[in-house]
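In: Everything below, folded, please.
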Amino acid sequence: MAQRLALQRLLSLPARGPSHGRAFGTSAGLRSTFNVQDGSDFQDRVVNSPKPVVVDFHAQWCGPCKILGPRLEKLVSKLDGKVMMAKVDIDDHTDLAIEYEVSAVPTVLAMKNGDVVDKFVGIKDEDQLEAFLKKLIGA
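Out: So this is what the prediction gives:
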């Protein structure tokens, strides 16, 4: 009942004009991270990406993934678009996990020009992640 009332209130709010833009902002960090939708999306946004891409193979049930994912996203967002981050749920995209030989989660791949250039399995601290990312972008 409370959800229905909240939804009714939301729907009754006056519409914003074009000068106000979107109701929800998007930071550069959010734009540099995306969820892979399917194999074709992976091909377009990861394999064919002109920028280096960090691919986070994870699962909803994976405890270490829930720690690593946000930590990695934060560091990627600090790189101001020099690298992208693709999130791949292995339960939704088993074919990609098999293709990239993911046998445990979290598994993180560093990809450049469609090729895997580096990889790690398991959780890492921020210093290790920074070194991983710097190596990928050549900094």
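In: Excluding residues flanking it in the chain, which one is nearest Leu136?
Out: Taking Cβ to Cβ, 6 or more residues apart in numbering as the measure, Leu136 lies nearest to Ala110, with 4.4 Å between them; neighbours along the chain are not counted. Backbone N, C-alpha and C define where each C-beta goes, glycine included.
In: That neighbour is in what secondary structure piece?
Out: strand 107-112 (DSSP states H and E).
In: That strand packs against which elements?
Out: Judged by 3 or more Cβ pairs under 8 Å, 6 or more residues apart in numbering; DSSP states H and E, strand 107-112 is in contact with strand 53-58, strand 115-121, helix 126-137.
In: in which helix or strand would I find Trp61?
Out: Using DSSP H and E, no element contains Trp61; it sits outside every helix and strand.
In: and it, what does it touch?
Out: Counting by Cβ atoms under 8 Å, 6 or more residues apart in numbering, Trp61 makes contact with nothing.
In: Quick check: it vs Pro70, distance?
Out: Distance, Trp61 to Pro70, using Cβ to Cβ, to the nearest Å: 16 Å.
In: Also Val36?
Out: 18 Å.
In: ok so, going back, Ile137 is in contact with the residue nearest to Leu136, correct?
Out: No - with contacts counted by Cβ atoms under 8 Å, Ala110 stays clear of Ile137, the gap being 9.4 Å.
In: So which of these two has more stuff around it?
Out: Neighbour count, other Cβ atoms under 10 Å: between Ala110 and Ile137, Ala110 has more, with 20 against 13.
In: what pairs with the more buried one across the strands?
Out: For Ala110, the residues forming beta bridges with it (DSSP bridges) are Val54, Asp118.
In: All set, thanks.
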